[in-house]
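sequence first, predicted model second:
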Amino acid sequence: MQNNEEYTVVDIKAKVPKVVDVKIPIAQGLEGPQGPKGEPFRYEDFTQEQLKSLKGPKGDDGRGLDVTSLTNALKGIGLMPTGNDVYQLITNALIDVRNGADIGGLNYWGQKNFTDFFTPLSVGNTKLQGSIPTGFYTSINGQDRRQWDGSGLIQSVHIDIPTGAENFTVELYLPNEEKICSFIVNIPQAPKYTAPNPSYGMTMISEYTDNNNVKWTVYDEEYDLAGGHRQVAYCDISNVYNNANYNTLSVKNATNLQRFVMYSTTPVTVCT
């Protein structure tokens, strides 16, 4: 028996319900505790391909640190290192820094002043004195270069002052012999005194040296129309003996002494 009735095929799809995450405030306490912290990644966790992808390009070949290069580097900042290997040099440098070594490059030392190294000169000084870091060099007018070695971080210096000069130049160098600064030093001069000049119209009549090593010069002048004469004596005590007794001062060839003038062309001390 055949069924000749027509029919329509309908494709029916099941509708999947949408999951909505709804948090109910009163139910928050139902969440569980946080789990334990995971283990960090280890080298073994990566494949060789992954490790290779993490590696950057190879850098330039470095230069080995040898005793000579390290020694020169330390000398370039004002240290005077000792030792025969890199470890010893670094150890000594760290000890110097701990002990307060004054270190720096050319710019640092170039900002120093004269009084950071030397004591200003006074009249009569024959040596320039001061304190400079151990291993530094000094020279005077570009000559007589000398390195100041010794124990400790600082050395006391004493440099002969050129004779007969009004000034000189002192230069400083790092232990690696790089010049860091130079100073022009003026040499203080003692005041110069000259003998006083006699008044116009006076004539010298006597000149002698007494027992106190005082040099006398007696001048005469005519002071009135009647032919009257009077004398003025000049007394130079520049080279007087230390034990001179001025109570014994006397003027010769001065029958009418008006006054005497005492002077010195060098510093002297007179006790009265």
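Happy to help now that I have it. Residues are numbered from 1 along each chain as shown.

residue 121 and residue 161 touch, don't they?
Yes - taking contact to mean Cβ atoms under 8 Å, the distance of 7.4 Å between residue 121 and residue 161 places them in contact. The way it works is simple: take the backbone N, C-alpha and C, and place the C-beta from them, glycine included.

list the residues that contact both of the two?
Between them, residue 121 and residue 161 share the neighbouring residues 128, 187, with contact defined by Cβ atoms under 8 Å, 6 or more residues apart in numbering.

give me the neighbour count for the nearest residue to residue 133 once chain neighbours are set aside.
Excluding the flanking residues, the one nearest residue 133 by Cβ to Cβ, 6 or more residues apart in numbering is residue 78, at 5.4 Å. When neighbours are counted by other Cβ atoms under 10 Å, residue 78 registers 25.

how about residue 92?
Other residues near residue 92 number 16, with proximity taken as other Cβ under 10 Å.

next: residue 266.
In terms of burial, residue 266 registers 11 neighbours under the definition other Cβ under 10 Å.

and it, how far from residue 195?
Using Cβ to Cβ, to the nearest Å, we find residue 266 at a distance of 12 Å from residue 195.

before we move on, what about residue 38?
Residue 38 sits 105 Å away from residue 195, going by Cβ to Cβ.

who has more neighbours, these two?
Taking neighbours as other Cβ under 10 Å, residue 38 and residue 195 compare with residue 195 leading, 14 against 6.

give the contact list for that one.
Contacts of residue 195 (Cβ under 8 Å, 6+ apart): 234, 236, 263, 265.

nearest to residue 91 among those?
Relative to residue 91, the closest of the contacts of residue 195 is residue 265; by Cβ to Cβ it sits at 62.2 Å.

remind me which helix or strand the closest one belongs to.
When elements are defined using DSSP states H and E, residue 265 is found to belong to no helix and no strand.

again with the one 3 residues further on
With secondary structure defined by DSSP H and E, residue 268 is part of neither a helix nor a strand.

what number of residues lie near the closest residue to residue 132 other than its chain neighbours?
Residue nearest to residue 132 in three dimensions, not counting chain neighbours: residue 117, with 5.2 Å by Cβ to Cβ, 6+ apart. Other residues near residue 117 number 20, with proximity taken as other Cβ under 10 Å.

surely residue 117 meets residue 130?
Yes - with contact taken as Cβ under 8 Å, residue 117 and residue 130 are classed as touching, separated by 5.0 Å.

what sits in contact with each of the two?
Counting by Cβ under 8 Å, 6+ apart, the residues touching both residue 117 and residue 130 are residue 157.

so the residue nearest to residue 133 sits against residue 136, correct?
Yes - between residue 78 and residue 136 there is a contact under Cβ under 8 Å: 7.4 Å.

between the two, what contacts are shared?
Taking Cβ under 8 Å, 6+ apart as the contact rule, the neighbours common to residue 78 and residue 136 are 174-175.

if we can go back for a sec, in strands, which of the contacts of residue 195 appear?
Those of the contacts of residue 195 mapping onto strands are 234, 236, 263, per DSSP state E.
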